[in-house]
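1. missing the sequence, but the structure's below:
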């Protein structure tokens, strides 16, 4: 079974840092581009970041550029999101998702991990 | 303010047809394919339509997508109670070099 499992969420103070992980199983992880998408409580989906299959290229939403870093370890089948200078508006459930090999569609999603930024 | 514009809500009775619109621009929908996601309450999003009108395996053919110019739409025919969910359109945006979502449409089955 193809599965993505996020972890690393929690409560962090404004200005703090957190690293999210997304463990992949049941798929050849190294073949796929991967994304992070977030959803604030009661709000819609917001794209955060994307990384190429070999990690050589990344892109970010303007709202997180310079503060968040996406990376991956293909040997460990794991995707990461390093978040720093966190703000209250970063409070959200963070989902990792796989991009289909033949289009930009996000066809496999994890269940998400909640990040709360509050003092 | 989302880059893609969707109505906040839509509704219908069981068996009816419901259509959700998604309006974008030349840098997103006008240049790239459209994707639709369904999010049931308290669950992760699920891919519903890809490349404008393609259904992944397992998605009922009651769901259909279309695209014309800088707009797209999702239709749900034969509406069922289990279709109550939030629906999001999305596309890659060449100007932003990123993925953009609509704000979502909440579908209610009356």
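-> It's in. The shown structure was predicted, so the numbers you read here are calculated from the model rather than taken from an experiment. Numbers count the residues shown, from 1 in each chain, chains lettered A, B, ... in the order given.

2. number of residues surrounding residue B:48?
-> Residue B:48: 24 surrounding residues under other CB atoms under 10 Å in any protein chain shown. For the C-beta atoms, the positions are set from N, CA and C on the backbone; glycine is no exception.

3. return the residues of chain B in contact with chain A.
-> With the criterion set to CB under 8 Å from any CB of the partner chain, chain B comes near chain A through B:2, B:32-33, B:35, B:37, B:39, B:43-47, B:50-51, B:56, B:86, B:88, B:90-92, B:96-104.

4. quick check on these: which are buried?
-> B:2, B:32-33, B:35, B:37, B:39, B:44-47, B:50-51, B:86, B:88, B:90-92, B:98-104 (16 or more other CB atoms under 10 Å in any protein chain shown).

5. just the ones of those residues in strands?
-> B:35, B:37, B:39, B:46-47, B:86, B:88, B:90-92, B:98-101 (DSSP state E).

6. pipe those residues into TSV and attach pLDDT per row.
-> What follows is these, written out as TSV (pLDDT from 0 to 100):
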residue	pLDDT
B:35	98
B:37	98
B:39	98
B:46	97
B:47	97
B:86	98
B:88	98
B:90	98
B:91	97
B:92	95
B:98	93
B:99	94
B:100	96
B:101	97
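
7. name the spans of chain A whose pLDDT lies under the cut-off.
-> Chain A contains no residues with pLDDT under 70.

8. interface residues of it facing chain B?
-> A:35, A:37, A:44-47, A:50, A:59-62, A:95, A:97, A:100, A:103-107, A:109-112.

9. and the residues you listed, which are buried?
-> A:35, A:37, A:44-47, A:50, A:59-61, A:95, A:97, A:100, A:103-107, A:109-110, A:112.

10. please flag which of those sit within strands.
-> Filtering these for strands - DSSP E - leaves A:35, A:37, A:45-47, A:50, A:59-60, A:95, A:97, A:106-107, A:109.

11. which members of those are the farthest-apart pair?
-> A:60 and A:107 (21.6 Å; CB to CB).

12. and the residue nearest the centre of chain A, how far from residue A:88?
-> For chain A, residue A:36 is the residue whose C-alpha lies nearest the centre (CA atoms, centre = their mean; 3.0 Å). Distance, residue A:36 to residue A:88, by CB to CB, to the nearest Å: 19 Å.

13. again, but for residue B:41
-> 25 Å.

14. compare these two (neighbour count), which wins?
-> residue A:88 (10 against 7).
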